[in-house]
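[1] based on what follows, work out the 3D shape:
(chains A and B)
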Amino acid sequence: MIRPFGMQEFLFLIESAGWTLLLTLIASILGGVLALGLAIARVSVHIVLKEVARLYISVIQGIPVLMVLFLSYYGLAQAGLDLPPVIAASVALSIYASAYLGDIWRGAIQSVHRQQWEASASLALTRMQQYRYVILPQSVKIALPPTVGFLVQLVKNTSIVSIVSVIELTRAGQLVNNVTFEPFKVFIIVALIYLAICYPMSRASRYLEGKSRVYRNG
Amino acid sequence: MSIVTVENVHKRFGQNEVLKGVSLRVERGQVVALLGRSGSGKSTLLRCLNGLEVIDSGRIEVAGHEMSYEPARLRALREDVGIVFQSYNLFPHLSVAENIMLAPGLVKRVDKAANRRLAEQVLERIGLLDKIDEYPDSLSGGQQQRVAIARALAMEPRVMLFDEVTSALDPELTEEVLEVIEQLARDGMTMMLVTHEMNFARRVASTVVFMNEGTIWETGEPEAMFSNPKTSEFKAFTQRNVK
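    Numbering: from 1, shown residues only, chains lettered A, B, ... in the order given. A predicted model of the protein is given here:
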């Protein structure tokens, strides 16, 4: 049965965009926590920790997100761990985000001057205190623009989870199109909703980039 | 008992042996000026004294702490040893007050009100109390360096190390930093300074140590050394550097 594209369909798209945002949020938070650990492991003096983190990042960055998704959805199902699609999707996106954010943040940590480590160590701070009070606050400033930039990518890349039938914005667009047969209209609207989410983020990123060079290093 | 003891310290970076068996004693209240050409090992020696460089062999004892690279013991040593660097190294995201209060608050658990009073005291001492709530990048180089000195002083160190602290500064800014150091000398602070300011070394130091090729080449009281160098190397060095 063919239906015209109406308010009901539009609201369905908006509602599904909520899932897109939720998936992005979950992946940013879980992926972010993991990424912080990875970033610190990458700059740590423990050679094993460092290498494990390096390997993890290389592998995840070197394979398509789709493979990570298939592995966490079909792979784990076969291993007897039958995850609901939304969970599998969240796991896959979190893993994906962790590798990229981990790398961005490693770079940010490393770009803080070595002398900041020396100065804070000389004041008898512990390694944890150095990170917490001296290094990370400076890294955050540096990491903010590329982090936001990656999150914009993440919003768009959540569309791949439509493959495992999580109904987010892209999947919703397909479903609506199936009943309205108005692909041009439907996907323009889907694209505009993505744009409405991403454009403000890109703007924020550019604004932060302009503001990030506040420190002169003496 | 000496407050700094260095015994037969060796240190190499790769193939390059920077310290070739350095021994040195510093008594309480002494001001030791470490002089020498670049590459002579003077900065490395200074950095070894608070464990920023790890020595290959020999022994170092500072303010009653035997040098150890075990983190907790190294921190205990560093609580008693302040260092000021050539590039100031203030924390750019923290205000002057926060820069000064950070370590006493975290390491010595000084409560906030007492810590603020401490910061005011040390800033008063270096004449920058009016800058207490500024950020480092709004200060001149000389002011930043004085704040770096104040930050080190707030830990109430027993020994202060100065690593070419005026080398990045214009002459007029150099003067304001040297005045602060001279004041500390008058207050009886034990200090070791790597410096290129020969006149300052001559005026303020109680002992001059001339380093050459990774060893202590010549040492003594400044007047005697400058007016009557014993080695041709130190003689050549003073002729090049004192106008």
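
[2] and the helix or strand bottoming out on mean pLDDT in chain A, how far from the chain's centre?
    In chain A, no helix or strand scores lower on mean pLDDT, DSSP states H and E than helix A:76-78, which sits at a mean of 83. Here helix A:76-78 is found 24 Å from its chain centre; the criterion is Cα atoms, centre = their mean, to the nearest Å.

[3] just stretch A:133-151 next, same as before
    Distance, centroid of stretch A:133-151 to centroid of chain: 14 Å (Cα atoms, centre = their mean).

[4] hey, which helix or strand in chain B has the poorest pLDDT?
    Using mean pLDDT, DSSP H and E, the lowest element in chain B is helix B:232-241, with a mean of 88.

[5] export stretch A:28-37 as PDB, just CAs?
    Extracted in PDB, the C-alpha atoms of stretch A:28-37 (Å, rounded to 0.1, in the frame of the first residue of the first chain):
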ATOM      1  CA  SER A  28      31.200   9.000  22.600                       C
ATOM      2  CA  ILE A  29      30.900   8.200  26.200                       C
ATOM      3  CA  LEU A  30      31.900   4.600  26.200                       C
ATOM      4  CA  GLY A  31      34.400   5.100  23.400                       C
ATOM      5  CA  GLY A  32      35.700   8.200  25.200                       C
ATOM      6  CA  VAL A  33      36.400   6.400  28.500                       C
ATOM      7  CA  LEU A  34      38.200   3.700  26.600                       C
ATOM      8  CA  ALA A  35      40.000   6.300  24.500                       C
ATOM      9  CA  LEU A  36      41.400   8.100  27.500                       C
ATOM     10  CA  GLY A  37      42.800   4.800  28.700                       C
END
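
[6] pull the residues that contact that stretch.
    A:53, A:90, A:93-102, A:104-105, A:151, A:154 (Cβ atoms under 8 Å, 6 or more residues apart in numbering or on different chains). To be clear about C-beta, it is placed using only N, CA and C from the backbone, and glycine gets the same treatment.

[7] picking that back up, what does the least confident helix or strand of chain A rub up against?
    A:D82, A:L83, A:A88.

[8] against which helices or strands is the very next helix or strand once past that helix packed?
    Moving toward the C-terminus from helix A:76-78, the first helix or strand encountered (DSSP states H and E) is helix A:85-110. When contacts are defined as 3 or more Cβ pairs under 8 Å, 6 or more residues apart in numbering or on different chains; DSSP states H and E, helix A:85-110 packs onto helix A:7-42, helix A:47-62, helix A:65-70, helix A:136-157.

[9] could you export those as CSV, including distance to B:G64?
    Formatted as CSV, those follow (distance: least, Cβ to Cβ, whole Å):
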stretch, distance to B:G64
helix A:7-42, 34
helix A:47-62, 34
helix A:65-70, 56
helix A:136-157, 34
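
[10] mind putting those helices in a markdown table, mean pLDDT and mean neighbour count included?
    Listed next are these as a markdown table, based on pLDDT from 0 to 100; neighbours: other Cβ atoms under 10 Å in any protein chain shown:
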| stretch | mean pLDDT | mean neighbour count |
| --- | --- | --- |
| helix A:7-42 | 95 | 18 |
| helix A:47-62 | 96 | 14 |
| helix A:65-70 | 92 | 18 |
| helix A:136-157 | 92 | 19 |
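
[11] model confidence over stretch B:91-100, on average?
    Across stretch B:91-100, pLDDT averages out at 97.

[12] do the same with stretch B:18-26
    Computed over stretch B:18-26, the average pLDDT equals 96.

[13] for chain A, which residue is closest to the average position?
    Chain A has A:A97 as the residue nearest its centroid, 3.9 Å off, counting by Cα atoms, centre = their mean.

[14] that residue and B:E61, how far apart?
    Distance, A:A97 to B:E61, using Cβ to Cβ, to the nearest Å: 50 Å.

[15] how about B:L178?
    29 Å.

[16] looking at the two, which is more packed in?
    Of the pair B:L178 and B:E61, B:L178 is the one with more neighbours under other Cβ atoms under 10 Å in any protein chain shown, namely 21 against 18.

[17] now for the helix or strand harbouring the more buried one, which elements pack on it?
    Here B:L178, judged by DSSP H and E, is contained in helix B:171-186. Here helix B:171-186 touches helix B:141-153, strand B:190-194, helix B:198-204, going by 3+ Cβ pairs under 8 Å, 6+ apart.

[18] give me the contact list for that helix.
    In contact with helix B:171-186 (Cβ under 8 Å, 6+ apart) are residues B:31, B:125-127, B:140-143, B:145-146, B:149, B:153, B:160, B:162, B:165-166, B:169, B:191, B:193, B:197, B:200, B:203-204.

[19] chain A next: which of those residues are close?
    B:G141 (Cβ under 8 Å from any Cβ of the partner chain).

[20] quick check on the contacts of helix B:171-186: which are buried?
    B:31, B:125-126, B:141-143, B:145-146, B:149, B:153, B:160, B:162, B:165-166, B:169, B:191, B:193, B:197, B:200, B:204 (16 or more other Cβ atoms under 10 Å in any protein chain shown).

[21] ranges for the strands of chain B?
    B:4-13, B:16-26, B:31-35, B:57-62, B:65-66, B:81-84, B:159-163, B:190-194, B:207-212, B:215-220 (DSSP state E).

[22] reformat the ones you listed as a markdown table; add distance to A:E9.
    Listed next are the strands of chain B as a markdown table, based on distance: least, Cβ to Cβ, whole Å:
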| stretch | distance to A:E9 |
| --- | --- |
| strand B:4-13 | 70 |
| strand B:16-26 | 74 |
| strand B:31-35 | 79 |
| strand B:57-62 | 76 |
| strand B:65-66 | 74 |
| strand B:81-84 | 68 |
| strand B:159-163 | 70 |
| strand B:190-194 | 75 |
| strand B:207-212 | 81 |
| strand B:215-220 | 85 |
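
[23] nearest to A:L13, out of the ones you listed?
    strand B:81-84 (61.5 Å; Cβ to Cβ).

[24] can you tell me what sits against the closest one?
    A:122, B:46, B:49-50, B:52, B:62-63, B:145, B:148-149, B:152-153, B:155, B:157-163, B:165.

[25] try stretch A:199-209
    A:L144, A:P145, A:V148, A:G149, A:L151, A:V152, A:V155.

[26] ok now stretch A:141-155, how far from the chain's centre?
    Distance, centroid of stretch A:141-155 to centroid of chain: 8 Å (Cα atoms, centre = their mean).

[27] check stretch B:71-87 too.
    In terms of Cα atoms, centre = their mean, the centre of stretch B:71-87 is found 11 Å from the chain centre.

[28] up against chain A, what does chain B have?
    Checking chain B against chain A by Cβ under 8 Å from any Cβ, the hits are B:50, B:52, B:71, B:75-76, B:78-79, B:81-83, B:85, B:87-93, B:102-103, B:106-107, B:136-137, B:141, B:144, B:151-152, B:155, B:168.

[29] understood, closing this out.
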